[in-house]
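A.B. asks: Please work out how this folds:
(4 chains)
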Number of protein chains: 2
Amino acid sequence: MIPIIAIDLRNPKPIYEQIKDKIKQLIIFGALKPDEKLPSVRELAQTTSINPNTIQKAYKDLESDGFIYTVSGRGNFVAPSPKKADSKRLEELYATLRATVGELSYLGVPEKNITEVVQNTISNSRPQGGNKV
Amino acid sequence: MIPIIAIDLRNPKPIYEQIKDKIKQLIIFGALKPDEKLPSVRELAQTTSINPNTIQKAYKDLESDGFIYTVSGRGNFVAPSPKKADSKRLEELYATLRATVGELSYLGVPEKNITEVVQNTISNSRPQGGNKV
DNA sequence: TAAGTGTACTATGAATGTTAGTACACTTAT
DNA sequence: ATAAGTGTACTAACATTCATAGTACACTTA
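C.D. replies: So this is what the prediction gives:
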């Protein structure tokens, strides 16, 4: 079962982006298991008090990004394995990584603190392929 | 002198955000030195073909974030040292770091590749306080 | 004085995000 | 077959944001 998805209406980030991000996190860090069913568009719309169209947009994006798959008439489910790494997306992620780490370092955060967070994050992310914990 | 700032009009990210990000990068990675003068609002507007109001908004944000300082009638200059780390901003950066590293790992990028980028980025970022290269 | 600088303000148009409502095809269980 | 639940598509309306255009004023420097 999916945990509560909290939406912050004061956050300037679009609601459908917030939903996408939260669900991605739940999948990446293993709170949602492969092939597990996600709440339906209408159900999640009701529990979050968000318009169904907005939920649908989030789900649609998640599907085209390969995080979930859709079966018409049945629902949305967690993709068992991530889509083949899109090189465009990878470049975006690397650019974000450099910008974020650069700013943290610039602000005086010691290298040790940064690498520690990186290590822990990798350890906690969902194992893929032959990766074992 | 500031390098060329390229704006991608097809990028959905707002222009003033793109400008902010580029200048931040130039400061963080040392291409712009402390107290170096930035191009004036009107000058940068002309070289980029962007409206002066948009440039002004980017500069204003950069100043309130502590990356540059403004002297009325003279211009904008690179801040000699970063503002005291705003804890709210730090939390945002850590959240972004976790999300980015998590997704990279989930997509199958080996830990080695990720940590390598992190190390290189820290090495190349502008040294602060007592940090030596 | 003149040129260059930051700043403030109003107005306008375009794009985006969100909601509302309706409708239809599909799947499952009764 | 029927009903309930599912994804999906579409139009319409509204609010907000982004970007531009134009004008004006105070400041600094030569």
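A.B. asks: Now do the residue sitting nearest the centre point of chain A against DNA strand D, distance only.
C.D. replies: For chain A, the residue nearest the mean C-alpha position is A:K24 (1.5 Å; C-alpha atoms, centre = their mean). According to C-beta to the nearest atom of the strand, to the nearest Å, A:K24 and DNA strand D sit 17 Å apart. All C-beta spots, glycine's among them, are computed from the backbone N, C-alpha and C.
A.B. asks: That residue contacts B:E103, doesn't it?
C.D. replies: Yes: between A:K24 and B:E103 a contact is recorded at 7.0 Å, counting by C-beta atoms under 8 Å.
A.B. asks: Could you name every residue contacting both of these two?
C.D. replies: Common neighbours of A:K24 and B:E103, counting by C-beta atoms under 8 Å, 6 or more residues apart in numbering or on different chains, are absent.
A.B. asks: Which pLDDT value belongs to the residue of chain A positioned farthest from its centre?
C.D. replies: Distance to the chain centre peaks in chain A at A:G108, reaching 28.5 Å (criterion: C-alpha atoms, centre = their mean). Note on A:G108: pLDDT of 94.
A.B. asks: what does the one 5 residues further on give?
C.D. replies: Per-residue confidence for A:N113 comes out at a pLDDT of 98.
A.B. asks: anything in whichever strand or helix holds it near chain B?
C.D. replies: Per DSSP states H and E, A:N113 falls inside helix A:111-124. Yes: using C-beta under 8 Å from any C-beta of the partner chain, helix A:111-124 reaches chain B at A:111, A:114-115, A:117-119, A:121-122, A:124.
A.B. asks: With neighbour count and distance to DNA strand D added, can I get those in CSV?
C.D. replies: Output for the residues of helix A:111-124 next to chain B, formatted as CSV (neighbours: other C-beta atoms under 10 Å in any protein chain shown; distance: C-beta to the nearest atom of the strand, whole Å):
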residue, neighbour count, distance to DNA strand D
A:E111, 16, 33
A:I114, 21, 29
A:T115, 15, 33
A:V117, 18, 28
A:V118, 24, 30
A:Q119, 15, 35
A:T121, 22, 29
A:I122, 19, 31
A:N124, 15, 28
